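*Asks:* What follows is a protein structure lacking sequence information:
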Ligand code: ADP
């Protein structure tokens, strides 16, 4: 069978680490997930259950000890600008302007000449117009998060890996950027894997919420969120979904 386009498959993933005292720490065990083109999947679970580890594996920044991880039928063995990572702390280059921060990936991948028009396009799309020549220390946390997203988007990724990129922001800024992320999804249709601790954020953004157990992390529930966008955070259906996820998170 030919694999569907833009299809991510994780099968029986095992990732262990050596802890400081030399004992083996199992971060992820028997972790399975399939994600199709255009799907937004939120990963939620207690701290230390392997969510970031899984994103790093999908990014190709790390390899599992067991199981298989494939994108479009090909094993993931190394990073690829096609799978963009947005970290919790926007990792901007402090010595570069916003414009140059956004252009960085294009230059590093040798495609700046042909694709430089994308830099301004992404700056405009993320509401950063007018700040092209500013430096990271001159902009707010919300703007830094937008620059981090633009840095990834400029590479036209098929997969966006978002590791709590909004967790340091105030509730208002967070809500605005959540809508911007939905706009990106509607426009570019990437696979999005979003790690979040915020159940409301998961229900607002995701097509599916995957709940992980405490370490060793494995999938204990997969909850579809089939509400139309824009979602009303105070509707009965929205609140019912929040409860469903919260119930799945009540481990005993
Ligand atoms: P989460 O994102 O769900 O909070 P992580 O994926 O960051 O969890 O971590 C899962 C577990 O693996 C944690 O106990 C963490 O300490 C451990 N871990 C992650 N990366 C490493 C590493 N490079 N070396 C040692 N332990 C690690």
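*Replies:* Arrived safely, thanks for sending. Predicted model, so just to flag it, every value in this text is computed and none were measured.
*Asks:* shaky segments in the protein?
*Replies:* Scanning the chain for pLDDT under 70 picks out 1-5, 252.
*Asks:* List, one by one, the residues from it near the ligand.
*Replies:* Counting by CB under 6 Å from any ligand atom, the chain comes close to the ligand at 17, 25, 27, 45, 47-53, 215. C-betas here are computed from N, CA, C, even on glycine.
*Asks:* one more time with 8 Å, if that's ok
*Replies:* Within the chain, the positions adjacent to the ligand are 15, 17-19, 25, 27-28, 43, 45-56, 62, 163, 195, 212, 215, 217 by CB under 8 Å from any ligand atom.
*Asks:* and these, which of them are in strands?
*Replies:* 15, 17-18, 25, 27-28, 43, 163, 195, 212 (DSSP state E).
*Asks:* Might you report the residue contacts of residue 122?
*Replies:* 102, 150, 153-154 (CB atoms under 8 Å, 6 or more residues apart in numbering).
*Asks:* So which residues of this structure form helices?
*Replies:* For the chain, the helices defined by DSSP state H cover 51-59, 98-108, 112-115, 117-125, 141-153, 171-188, 199-205, 236-248.
*Asks:* The ones you listed: which one's closest to residue 90?
*Replies:* Nearest of those to residue 90, taken as CB to CB: helix 141-153 at 3.8 Å.
*Asks:* List the neighbours of that closest one that are in contact with it.
*Replies:* Under CB under 8 Å, 6+ apart, the answer for helix 141-153 is 84-87, 90-92, 98, 101-102, 104-105, 122-123, 125-128, 131, 136, 139, 160, 165-166, 168-170, 173, 176-177, 180-181, 184, 188.
*Asks:* just to revisit the earlier point, now the ones in strands among the residues of the chain next to the ligand: which count as buried?
*Replies:* 15, 27-28, 43, 163, 195, 212 (16 or more other CB atoms under 10 Å).
*Asks:* and these as CSV, adding distance to residue 240?
*Replies:* What follows is these, written out as CSV (distance: CB to CB, whole Å):
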residue, distance to residue 240
15, 34
27, 32
28, 30
43, 21
163, 28
195, 23
212, 21
